[in-house]
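Trainee: mind folding the following:
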Amino acid sequence: MENLNQSTSHPKGLYVLFFTEMWERFGYYLMLGIFALYMLDSTQNGGMGFSASKKSDIYGTYLGLVYLTPFIGGLLADRILGYRKSIIIGALLMAAGYIGLAFPGETTFYLALLLIIVGNGFFKPNISTLVGNLYNKPENQHKKDAGYNIFYMGINIGAFVCNFVAAYMRINYGWGYAFAAAGVGMLIGLVWFMAGMKHVKDVDIIKPTTKEDIPLKKILAVVFIPVIICGILGWFIPGNIFGSDSNDAFLIGCAPVVAYYISLWYRATPEDKNPLAALLTVMGCVVVFWAIFHQNGDALTVWAKDYTDRKIPAAVVGAADKVDLVQTVNYHESINYNKEEFESYLTGLKNEKDSLATAGNKSAADEVSKTIAIRDNSREYFTNLPEDKRPEKGKDLKLISTELFQSINPFWVIVLTPLVVGIFGFMRRRGKEPSTPAKIAIGLLITALSALVMVAAVKSINTSTDKASAIWLWASYGVITIGELCLSPMGLSLVSKLSPPRLTSLMMGGWFLSTSIGNKLSGILSGLWEGYEDKSNFFLTNFFIVIIPAIALFVLLKWLNRVMKEKGVK
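Mentor: The predicted structure follows:
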């Protein structure tokens with residue numbers, strides 16, 4: 001397997017898609033990195049002021065839907081639009097959605113999320129399919145896993161950089177400008193893609209349907225109408241099965257889509273039956289990976305915000321201040337107010353800000369607005385900060401912005417990708433490289449171990465009176481990143497290897513369906529965070545949730561490898 005120094009041996013189209021995806025993920029992860037924080041932030045600070053439970057519900061539903069729509073996006077690309085046209089449509093819709101989040105109002109908020117959800121459906125499965133198509137030529141097939149690893153690193157370069165931009169824009173200009181920056185990033189990616197489309201034109205081919213394929217109109221009738229009906233029934237059934245109306249609507253609404261994918265296997269030719277069965281089995285197991293992994297934007301963000309010592313070392317405070325990436329808290333007397341006193345104090349500041357704004361004194365109103373944010377954030381941060389770690393009364397404490405912790409995972413991806421690719425390349429040259437399904441099983445096992453790191457993090461402190469070292473988050477993200485590199489790009493590669501050619505993008509949509517259900521489960525699991533008095537039990541639950549399917553994949557590995565061999569791939 002090639003390492004990154006041998007990148008010239010890869011098709012030119014890979015680098016067109018690499019940078020397109022890098023900018024798309026810049027926008028996606030910028031928005032996701034501040035999404036939960038924005039929903040939790042008070043309306044006085046420009047946030048939505050949602051409760052923790054409502055935040056997790058919306059977070060999980062958004063992540064679920066944003067990866068559910070690739071089902072229809074992949075289907076339309078396979079049958080009608082083609083991949084390039086679908087990518088362009090998706091990019092424009094997502095850019096409009098990110099920019100829409102820059103405007104206030106709950107209605108605008110939901111409409112903007114809808115645009116992003118639909119846009120991702122057109123974009124995500126089809127750019128991944130084009131990557132796979134670049135490696136379908138016999139001379140490139142053995143490089144497919146390496147190509148997906150390189151493509152995956154492009155995703156994470158965007159995901160790493162975006163959080164610094166998000167922190168800078170939020171701290172200095174507010175939430176709206178941070179979201180608008182995500183839209184600008186998406187538009188840059190679109191311009192790059194359109195400029196380099198000639199390098200992927202020859203792999204944008206609409207495959208003819210066969211008699212085994214369900215006609216598009218029938219799919220709409222037997223899948224999407226039932227999805228709507230099941231979703232409505234899930235919303236209105238008495239009580240809740242999965243904790244909330246939106247959870248019930250989403251998960252019950254997914255049932256017809258899952259049934260459709262099972263029907264693909266049932267209707268398949270004998271030649272396609274085993275490969276489709278293998279794909280569906282792996283997709284079912286990796287649901288739990290996404291349920292754990294995407295807690296980084298919810299439960300782990302809350303851990304970083306409330307339970308992690310975020311003090312910036314004195315040696316780098318000056319440099320961080322110069323680039324405006326520092327969050328400031330102040331040991332003000334209001335920290336010791338009771339809840340009613342503090343709310344009254346904030347209301348007084350808000351009235352002062354409104355009066356100044358009404359009088360036309362915008363600069364003074366902005367200063368009061370910053371004071372409100374500092375007082376609010378300071379009260380939260382000092383709640384469980386020991387006295388010996390607090391500054392003198394009236395003095396400031398400089399903190400790492402919470403959203404910057406979202407860059408730890410992509411940092412590890414960038415650092416570890418050459419290592420992982422190199423190790424697998426070394427093993428391949430000696431004929432000992434694990435198969436793609438084996439890599440995925442290993443990835444699940446390592447993901448389970450990352451949950452145990454967080455169990456140790458909780459056990460290292462008393463969470464009500466102290467904050468944990470940031471090293472624990474670095475360690476947990478480092479472990480799960482190794483699991484991610486074994487699993488996520490390998491999953492994309494597996495879909496490309498085992499899918500019947502006419503169904504490749506549709507099955508890529510199926511991979512993202514498993515991601516979608518996992519993402520929704522991540523929101524459901526994160527919603528349980530507040531119910532765990534001992535937070536170590538939350539992470540221990542995550543461990544058991546993921547270790548069971550990991551063991552199942554290892555048990556099924558002999559069969560999965562046999563299917564790969566029958567298909568003529570590794």
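
Trainee: going forward, measure contacts between C-alpha atoms and count neighbours the same way
Mentor: Fine.

Trainee: could I get the buried residue list for stretch 178-193?
Mentor: Residues 178-190, 192-193 are the ones in stretch 178-193 that count as buried (16 or more other C-alpha atoms under 10 Å).

Trainee: what does it contact?
Mentor: Contact partners of stretch 178-193, identified using C-alpha atoms under 8 Å, 6 or more residues apart in numbering, comprise 16-17, 19-24, 26-28, 30-31, 88, 91-92, 94-102, 165-167, 169-170.

Trainee: mind giving me the ChimeraX command for buried ones among those residues?
Mentor: In ChimeraX, selecting the buried portion of the contacts of stretch 178-193, with burial taken from 16+ other C-alpha under 10 Å, looks like this:
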select :16,17,19,20,21,22,23,24,26,27,28,30,31,88,91,92,94,95,96,97,98,99,100,101,102,165,166,167,169,170
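
Trainee: so how far is I99 from the closest residue to V323 other than its chain neighbours?
Mentor: With C-alpha to C-alpha, 6 or more residues apart in numbering as the criterion, V323 has its nearest non-adjacent residue at 7.6 Å, and that residue is Y168. Using C-alpha to C-alpha, to the nearest Å, we find Y168 at a distance of 17 Å from I99.

Trainee: likewise G147?
Mentor: As judged by C-alpha to C-alpha, G147 and I99 stand 32 Å apart.

Trainee: any idea of the mean pLDDT in stretch 285-297?
Mentor: The average pLDDT within stretch 285-297 is 90.

Trainee: before we move on, the earlier item: the residue nearest to V323 is in what secondary structure piece?
Mentor: Assigned by DSSP states H and E, Y168 belongs to helix 144-173.

Trainee: got the buried residues for that helix?
Mentor: Within helix 144-173, the residues scored as buried using 16+ other C-alpha under 10 Å are 144-171.

Trainee: ok, F35 - contacts?
Mentor: Contacts of F35 were listed using C-alpha under 8 Å, 6+ apart, and they are 59, 297.

Trainee: so is it in a helix, a strand, or just coil?
Mentor: Put simply, F35 is helix when judged by DSSP: H, G, I helix; E, B strand; the rest coil.

Trainee: ok, now the one 3 residues further on?
Mentor: Each residue gets one of three states, and Y38 gets helix by three-state DSSP.

Trainee: W511 contacts M283, doesn't it?
Mentor: Yes. W511 is within contact range of M283, at 6.1 Å (criterion: C-alpha atoms under 8 Å).

Trainee: mind checking which of those two has more residues around it?
Mentor: W511 (28 against 19; other C-alpha atoms under 10 Å).

Trainee: number of residues surrounding L492?
Mentor: There are 24 residues near L492, going by other C-alpha under 10 Å.

Trainee: looks to me like it is in a strand.
Mentor: No. When classified by three-state DSSP, L492 is found to be helix rather than part of a strand.

Trainee: and the gap between it and Y148?
Mentor: Distance from L492 to Y148, by C-alpha to C-alpha: 7 Å.

Trainee: where exactly do the helices run in the stretch 401-550 of the chain?
Mentor: 408-429, 436-459, 471-498, 504-526, 535-567 (DSSP state H, counting those that start in this stretch).

Trainee: most tightly packed of these?
Mentor: helix 504-526 (a mean of 28; mean count of other C-alpha atoms under 10 Å).

Trainee: now for it, which elements pack on it?
Mentor: With contacts taken as 3 or more C-alpha pairs under 8 Å, 6 or more residues apart in numbering; DSSP states H and E, helix 504-526 sits against helix 52-66, helix 70-76, helix 106-134, helix 245-253, helix 270-293, helix 471-498.

Trainee: using PDB, list the CA coordinates for that helix.
Mentor: Presented in PDB, the C-alpha positions along helix 504-526 are these (Å, rounded to 0.1, in the frame of the first residue of the first chain):
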ATOM      1  CA  THR A 504     -22.500   1.500  -5.900                       C
ATOM      2  CA  SER A 505     -23.800   5.000  -5.000                       C
ATOM      3  CA  LEU A 506     -27.000   3.500  -3.600                       C
ATOM      4  CA  MET A 507     -25.000   1.200  -1.300                       C
ATOM      5  CA  MET A 508     -22.800   4.200  -0.400                       C
ATOM      6  CA  GLY A 509     -26.100   5.700   0.700                       C
ATOM      7  CA  GLY A 510     -26.700   2.600   2.700                       C
ATOM      8  CA  TRP A 511     -23.400   3.100   4.500                       C
ATOM      9  CA  PHE A 512     -24.400   6.600   5.400                       C
ATOM     10  CA  LEU A 513     -27.800   5.200   6.500                       C
ATOM     11  CA  SER A 514     -25.900   3.100   9.100                       C
ATOM     12  CA  THR A 515     -24.100   6.300  10.000                       C
ATOM     13  CA  SER A 516     -27.400   8.200  10.200                       C
ATOM     14  CA  ILE A 517     -28.900   5.700  12.700                       C
ATOM     15  CA  GLY A 518     -25.700   5.700  14.700                       C
ATOM     16  CA  ASN A 519     -25.700   9.500  14.800                       C
ATOM     17  CA  LYS A 520     -29.200   9.600  16.000                       C
ATOM     18  CA  LEU A 521     -28.300   7.100  18.700                       C
ATOM     19  CA  SER A 522     -25.400   9.300  19.700                       C
ATOM     20  CA  GLY A 523     -27.900  12.100  20.400                       C
ATOM     21  CA  ILE A 524     -30.100   9.700  22.400                       C
ATOM     22  CA  LEU A 525     -27.100   8.400  24.400                       C
ATOM     23  CA  SER A 526     -25.800  12.000  25.000                       C
END
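
Trainee: for the protein, which spans come out with low pLDDT?
Mentor: Along the chain, the parts satisfying pLDDT under 70 run over 1-8, 210-214, 505.

Trainee: let's go with 50 and repeat that
Mentor: Where the chain drops to pLDDT under 50, the residues are 1-8.

Trainee: most distant residue from the centre of this structure?
Mentor: For the chain, the largest distance from the centre (C-alpha atoms, centre = their mean) belongs to A359, which lies 43.3 Å off.

Trainee: K398 in helix, strand or coil?
Mentor: With three-state DSSP as the basis, K398 sits in strand.
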